[in-house]
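Asks: Coordinates for the following, if possible.
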Amino acid sequence: MNTTFKLEHIHCDLCGNDKYVERYRKPDNWLFLNQFQYPVVECTACGLVYVNPRPAAEEMGRYYPSGYHDGRNDEKHLERYAVQYLYIKPYQFNSVLDVGCARGDWLAYINRISPGLELHGVDAFSNLVNHDFVTFQKALLCEANLKNNFFDLVTAWAVLEHVHSPSAYFEAVSRHLKDGGKFIFLVTNSESLYGKRAYCEDIPRHLYHFSEKTIEQYAKKFSMKIIAKNYDTHFWDARGIGTFYYLLGNILGVNWNLISLNRVNIIQKLAMRIGSFIDSLVFYFQWEARLKKSGIIVFVLEKAE
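Replies: Okay, the predicted model is just below:
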């Protein structure tokens, strides 16, 4: 187990404030590269939720193991691309940029429906795309060599929660979009049970967690406006499943160290299984989306003309 890693303390990316309140702490409970429990904090000025301290940018490669981008053209992902296409279908576009394009399979899906478009992709963690009709750059969006005021449409599906500076991405998107162009993206919802109580955020890969309030502030700051939003449940299961599982565990003293070392005793395990059963009942229906509390939100932003 690797115990040496570099952390950095930051100010709020949205407003620059250095005051925050801590919501909870969570280790990387997928890879468990170390035992550090990353604080998830909320800015006291603007409400942005983020990890602080967090791994430095040069550390992030170890949190994305080999093969992380594999399998993006399998049946499961093709179903997701079909849902994504419903979001872009109402708008006119000839030039498309996908941020975090992985191997370009989402752009390939667009090309199959609307061939002949100018398709571009950027991704700092993918070495290539599988499609010769996609112009690809291995780079962060804010460092890519792209034309300004060029794209009709920019998409970013589950990307912005991973980046070290969302402001730099919103600024770059606004710069590269034509006036009236659309930015369509999916982010996790910081105001959901998924994010607040069920510990479903993929810490520390999810460095930022957003809400209507904070996205509205980002849009205004970078000459865009929200024209549509949807608390969609068709992409991933973003219900608050885990809320009661962890609640009953916490009541009986279960913590992340016990979980990582597999030292949860029989009584604690029984209580957490009961919690899982309660979760299955409470979250059987998709009521959170109707209350605008589901774990993911899809936004459509428009650049001011």
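Asks: how about the helices of the chain, start to end?
Replies: For the chain, the helices defined by DSSP state H cover 75-88, 105-113, 166-176, 193-196, 212-221, 243-251, 256-260, 266-282, 287-290.
Asks: buried ones in the longest one?
Replies: What that stands for is helix 266-282. For helix 266-282, burial by neighbour count (16 or more other C-beta atoms under 10 Å) applies to Q268, A271, M272, G275, D279. (Glycine included, C-beta is placed from N, CA and C.)
Asks: how big is the angle separating the least confident helix or strand in the chain by mean pLDDT from helix 105-113?
Replies: Counting by mean pLDDT, DSSP states H and E, the weakest-scoring helix or strand in the chain turns out to be helix 75-88, with a mean of 89. Here helix 75-88 points in a direction 70 degrees away from that of helix 105-113 (axes from the mean of the first three to the mean of the last three C-alpha atoms, to 10 degrees).
Asks: Check which helices and strands helix 75-88 is in contact with.
Replies: The contact analysis (3 or more C-beta pairs under 8 Å, 6 or more residues apart in numbering; DSSP states H and E) places helix 75-88 against helix 105-113, strand 151-157, strand 177-188.
Asks: Dump the last one to CSV, restricted to CA.
Replies: Put plainly, it is strand 177-188. Coordinates of the C-alpha atoms in strand 177-188 are reproduced here as CSV (Å, rounded to 0.1, in the frame of the first residue of the first chain):
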residue,chain,number,x,y,z
LEU,A,177,-18.1,28.3,-28.4
LYS,A,178,-19.7,30.5,-31.0
ASP,A,179,-22.1,33.1,-29.7
GLY,A,180,-25.4,31.2,-29.1
GLY,A,181,-23.5,27.9,-28.9
LYS,A,182,-24.5,25.3,-26.4
PHE,A,183,-22.5,23.6,-23.6
ILE,A,184,-24.2,20.4,-22.5
PHE,A,185,-22.7,18.5,-19.5
LEU,A,186,-23.4,16.1,-16.7
VAL,A,187,-22.2,16.6,-13.1
THR,A,188,-22.9,15.1,-9.7
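Asks: on that earlier part again, and V298, which of the helices and strands packed on helix 75-88 is closest to it?
Replies: Comparing the helices and strands packed on helix 75-88 against V298 with C-beta to C-beta, the closest turns out to be strand 177-188 (5.0 Å).
Asks: count of residues packed around F93?
Replies: 17 (other C-beta atoms under 10 Å).
Asks: who's in contact with the closest residue to it other than its chain neighbours?
Replies: Leaving aside its sequence neighbours, F93 sits nearest to D152 (C-beta to C-beta, 6 or more residues apart in numbering; 3.7 Å). By C-beta atoms under 8 Å, 6 or more residues apart in numbering, the residues touching D152 are Y91, Q92, F93, N94, S95, V96, L177, K178, G181, K182.
Asks: ok, now with 7 Å
Replies: Contact analysis of D152 by C-beta atoms under 7 Å, 6 or more residues apart in numbering lists Q92, F93, N94, S95, K178, G181.
Asks: Then G242?
Replies: With contact set as C-beta under 7 Å, 6+ apart, G242 has these partners: A198, Y199, C200, D279.
Asks: and the residues you listed as a markdown table, adding pLDDT?
Replies: Output for these, formatted as a markdown table (pLDDT from 0 to 100):
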| residue | pLDDT |
| --- | --- |
| A198 | 97 |
| Y199 | 96 |
| C200 | 96 |
| D279 | 98 |
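Asks: between these, which is nearest Y87?
Replies: Of these, the one sitting nearest to Y87 (C-beta to C-beta) turns out to be C200, at 22.5 Å.
Asks: Now do that closest one against R23, distance only.
Replies: In this structure, C200 and R23 are separated by 13 Å, where distance is defined by C-beta to C-beta, to the nearest Å.
Asks: So for these two, which sits in the more crowded spot?
Replies: More neighbours surround C200 than the other of C200 and R23, with 23 against 16 (other C-beta under 10 Å).
Asks: Tell me how far the more buried one lies from R175.
Replies: Spatial separation of C200 from R175 under the definition C-beta to C-beta is 33 Å.
Asks: Drop anything exposed from the contacts of D152.
Replies: The neighbour-count test (16+ other C-beta under 10 Å) applied to the contacts of D152 identifies F93, S95, K178, G181 as buried.
Asks: Give me the nearest residue to the third one, chain neighbours excluded.
Replies: The shortest distance from K178 to any residue other than its chain neighbours is 5.4 Å, reached at N149 (C-beta to C-beta, 6+ apart).
Asks: Would you confirm that that neighbour contacts G181?
Replies: No - with contact defined as C-beta atoms under 7 Å, N149 does not reach G181; the gap is 8.5 Å.
Asks: need the contact list for S174.
Replies: Contact partners of S174, counting by C-beta under 7 Å, 6+ apart, are F222, S223, M224, K303.
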